[in-house]
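Asker: Structure for this input, please:
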Amino acid sequence: MKRTCLLLPLAVVLILAGCKSGTAGRVVSVSVTPTGINVVVGTTQQMTATVMDTFNTAVTWSLAGGGNSGTISSTGLYTAPATVPTPAQITVTAVSQKDRTKSGSATLTITTAAGPSNITVAVAPATATVANFGTQQFLATVTGSADSAVTWQVNGATGGSQTTGFISSTGLYLAPGNVPTTSNGTGDSVTTTLTVTAVSQASLVASGSSIVTIVPGNQGQQTGLVELGTSGGNGNDSISNPTNHTITCCGGTLGSLVTRGGTQYILGNNHVLARSDSAAVGDPIVQPGLIDAGSTPNTKCDKTQATTVANLTEFVNLESEDQNASSSNIDAAIAQVVPGLVDTAGNILYLGGTTDSNNVPVPGAPNAGSGVTAFLGMSVAKSGRSTGLTCSTVLAIDTDTSVQYNKSCDGTGTTFTVDYDNQVDVAGGGFGAEGDSGSLIVSQNTADPVALLYAGSDSDTVGNPVAPVLNFFASGGNAVTFVGGSAHAVIGCTLPTAPQSAAKSVQPASLAAESMHDVLATRNAQAPSLLGHPEVQAVGVGASLDNPAEPAIVFFVIRGQPHADIPAQVNGFRTRIVEGDLFPRRGAISAADTAVNEQATAPAQLVYSLTSAEMQRANVVHAAHAKTLMQQPGVQGVGITSSVDSPGEAALMIFMIRGVTHSPIPQLIDGLRTRVRESSRFRAGYRGIEPQRACMIPAKRAAR
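Answerer: The predicted model follows:
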């Protein structure tokens, strides 16, 4: 995805400005109160956001939770829903309007007014830092009742979940293998915290909470030979701002090891190792990256606190491509390793096929060689600096993308855009976050290299296929191959806390009644002919899965029966096909009965396998129309995927920028279904961080 950044006081400037020792300011922060309390259904609770170290204290409020989470006003007044949602705990977040990378959150548990009001619960420790795949014992103290029993929750879910980690009835927490992520309000996926809550069984309105930070082993400075998948970057990747007395430093992931002509190199992204074209050959490549260097505020961003493990050797020039798809079509760089400092076996953290005595995946090398080509539905994994091990699915291939870059580490530099062809799209913005750029994406079953992670949005992650990456760096008749071992499964993706970054199924969306009026009228008018297909048991109405913003006519058909004669659209409305054995509702059915029939079947998969004939049909349409579609407002990618409305059919995946006005997306292009996926902007190496004030200088305050 992107490299990630840190801001620190510029000590030299502080001295020149006459600041006293110890007057350095802090990074802008946001806190939200109250947290860990219960709110009775139908009542209100005033939330307060405290914004530190900036004069602009305005925030944007948002809610996250299951089902109906209630509402929150622009002033922070929260109104609980009329019934307890599932899960009962919701998260209230305030994002700084001055610096949208800074936010604070609080958790509230929605309850009925059951139980005595004098009972309180305290959880210890109140805050905890837990390694991914690690454990933490929590203790709950109940006062005001002889009943000390509590129910443990993680992010509002009793017992936890695969994505947040599990907690036992005795309070023993098992962390997930990945670091949870959230949107930072500007479209980037950033890491976030979790909340462990103990709810009194004597009173549902009494609870206590602990804030948990998951930290992967990828971030720290390694001892001994450096293994890959770890924090790293260019030793010069920092920028000083004398006006604001700050230093901003960035870092990413040292992804994997490759070899050429007997010499080993670290493979990563241009925008991590070569600073988006700003670096020079020979620059030091350090571990950890400057953002993770040093153990105290005074040593952060100091390259003397990191080890130079390689030197920049070669990189693709990004900006010179003049905003067209480059002939190289990659965001990549290589750096020759310093002998004796990097694991020559090419081991990558958490990618091994076995676990240690604590059930934590050991490092493992990818399958040596040239890698493999991604296919739809391929299960993939990666290990990166920010989110650790994550596992997901290839959602689209042969994807044309438009990716936004920034020349500066602090996000204040020139912005430019690069277009790419034939990229790999992995489902889930949480598959990578800020700082995971450069991670090697491998197949889960064999650990074969598949793609080099370099960009993403809040719902997708994008990688360069490995073949053009290796081909670009071939030189003098010497091929470039991945250093590694033999094929093996990535065991971390099969553990109980396997870090899946995206759901594997798709649930139908809910559409407003008025949007269903016209499709229902069309279905009613066409019902006799639509029900005339022998395989059709019922015809209903609901939301399309290929474009959840549009209604669809839903055909319920007998499983295994051919249904090629069912049209892809009827009078301008999409159609959707659901297979099953025996549906409880038959004939022309209502939207409510459509939902009943859908509950009798398994949810639609995120992606389906396709025949070679379907892939060829999609390739022809993609080749004819992708470039034209990419010129349309709001379109940032066009790839090949499977239809969810009609399993077994290919579809043209059209990636849209959320909130950008665009022309209607055709439901069919040359007879091929289209599938719409809306997200934030695809970005790589982009930052927009508020400079921190290092000390009070009255003469400069008015200028801020």
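Asker: where exactly do the helices run in the stretch 251-400 of the chain?
Answerer: Applying DSSP state H, counting those that start in this stretch to the stretch 251-400 of the chain gives helices spanning 270-273.
Asker: ditto for the stretch 401-550 of the chain
Answerer: Remark: helices assigned in the stretch 401-550 of the chain by DSSP H, counting those that start in this stretch are 466-473, 513-530.
Asker: With respect to residue 558, which of these lies nearest?
Answerer: helix 513-530 (15.1 Å; Cβ to Cβ). For every residue, glycine as well, the C-beta is placed using N, CA and C.
Asker: Check what contacts that closest one and list those residues.
Answerer: Helix 513-530 is contacted by residues 536, 539-541, 551-553, 555, 570-571, 573, 588, 591 when judged by Cβ atoms under 8 Å, 6 or more residues apart in numbering.
Asker: Now do the buried residues in that helix.
Answerer: For helix 513-530, burial by neighbour count (16 or more other Cβ atoms under 10 Å) applies to 516, 519-520, 522-523, 526, 530.
Asker: do the same with stretch 342-350
Answerer: So for stretch 342-350, counting by 16+ other Cβ under 10 Å, buried means 342-343, 345-350.
Asker: now the stretch 251-400 of the chain, which segments are flagged as low pLDDT?
Answerer: Filtered on pLDDT under 70, the stretch 251-400 of the chain yields the residue ranges 320-327.
Asker: Go again with 50.
Answerer: Low-confidence segments of the stretch 251-400 of the chain, defined by pLDDT under 50: 321-326.
Asker: Any chance of CSV for the buried residues of stretch 342-350, columns distance to residue 664?
Answerer: Formatted as CSV, the buried residues of stretch 342-350 follow (distance: Cβ to Cβ, whole Å):
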residue, distance to residue 664
342, 52
343, 53
345, 53
346, 49
347, 50
348, 44
349, 46
350, 44
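Asker: Return the member of these nearest to residue 368.
Answerer: Among those, and counting by Cβ to Cβ, the member closest to residue 368 is residue 346, at 7.6 Å.
Asker: coming back round to it: of all the helices of the stretch 401-550 of the chain, which one comes closest to residue 599?
Answerer: helix 513-530 (18.4 Å).
Asker: picking up where we left off before, want to throw the buried residues of helix 513-530 into CSV with pLDDT and distance to residue 68?
Answerer: Formatted as CSV, the buried residues of helix 513-530 follow (pLDDT from 0 to 100; distance: Cβ to Cβ, whole Å):
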residue, pLDDT, distance to residue 68
516, 89, 20
519, 94, 25
520, 94, 25
522, 95, 31
523, 95, 29
526, 93, 35
530, 95, 34
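Asker: how much space between the nearest residue to residue 33 once chain neighbours are set aside and residue 59?
Answerer: Sequence neighbours aside, residue 48 is the residue nearest to residue 33 in space, at 5.2 Å (criterion: Cβ to Cβ, 6 or more residues apart in numbering). Distance check for residue 48 against residue 59: by Cβ to Cβ, to the nearest Å, it reads 10 Å.
Asker: Overlap in contacts, those two.
Answerer: Common neighbours of residue 48 and residue 59 (Cβ under 8 Å, 6+ apart) are residue 76.
Asker: Of the two, which one has the most company?
Answerer: A direct count of neighbours by other Cβ atoms under 10 Å for residue 48 and residue 59 places residue 59 higher, at 25 against 13.
Asker: ok, what's across the strand from the nearest residue to that one once chain neighbours are set aside?
Answerer: Using Cβ to Cβ, 6+ apart and skipping residues adjacent in sequence, the residue nearest residue 59 is residue 94, 3.9 Å away. Legend: beta-bridge partners of residue 94 under DSSP bridges are residue 61, residue 104.
Asker: Equivalent analysis for residue 396, please.
Answerer: Beta-bridge partners for residue 396, by DSSP bridges, are residue 425.
Asker: Residue 213: how many residues sit nearby?
Answerer: 15.
Asker: mind showing which ranges of the chain have poor pLDDT?
Answerer: In the chain (pLDDT under 50), the answer is 10-26, 321-326, 686-704.
Asker: Against residue 225, how distant is the closest residue to residue 473 other than its chain neighbours?
Answerer: Excluding its sequence neighbours, the residue lying closest to residue 473 (Cβ to Cβ, 6+ apart) is residue 480, at 4.6 Å. Counting by Cβ to Cβ, the gap from residue 480 to residue 225 is 21 Å.
Asker: Between these two, which has more neighbouring residues?
Answerer: Legend: neighbour count by other Cβ under 10 Å for residue 480 and residue 225, higher for residue 480 (20 against 13).
Asker: Which residues are in contact with the more buried one?
Answerer: Contacts of residue 480 (Cβ under 8 Å, 6+ apart): 258-260, 265, 334, 470-471, 473-474.
Asker: which residues does it bridge with?
Answerer: The partner residues for residue 480, given DSSP bridges, come to residue 260.
Asker: Number the residues from 50 up from this point.
Answerer: Will do, 50 is the new start, and the previous item becomes residue 529.
Asker: Quickly list the domain ranges of this structure.
Answerer: Residue ranges of the domains in the chain are recorded as 78-147+150-264, 560-653, according to automatic domain parsing.
Asker: With distance to residue 611 as new columns, can the contacts of residue 529 be given to me in a markdown table?
Answerer: Output for those, formatted as a markdown table (distance: Cβ to Cβ, whole Å):
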| residue | distance to residue 611 |
| --- | --- |
| 307 | 48 |
| 308 | 51 |
| 309 | 52 |
| 314 | 53 |
| 383 | 51 |
| 519 | 43 |
| 520 | 43 |
| 522 | 48 |
| 523 | 48 |
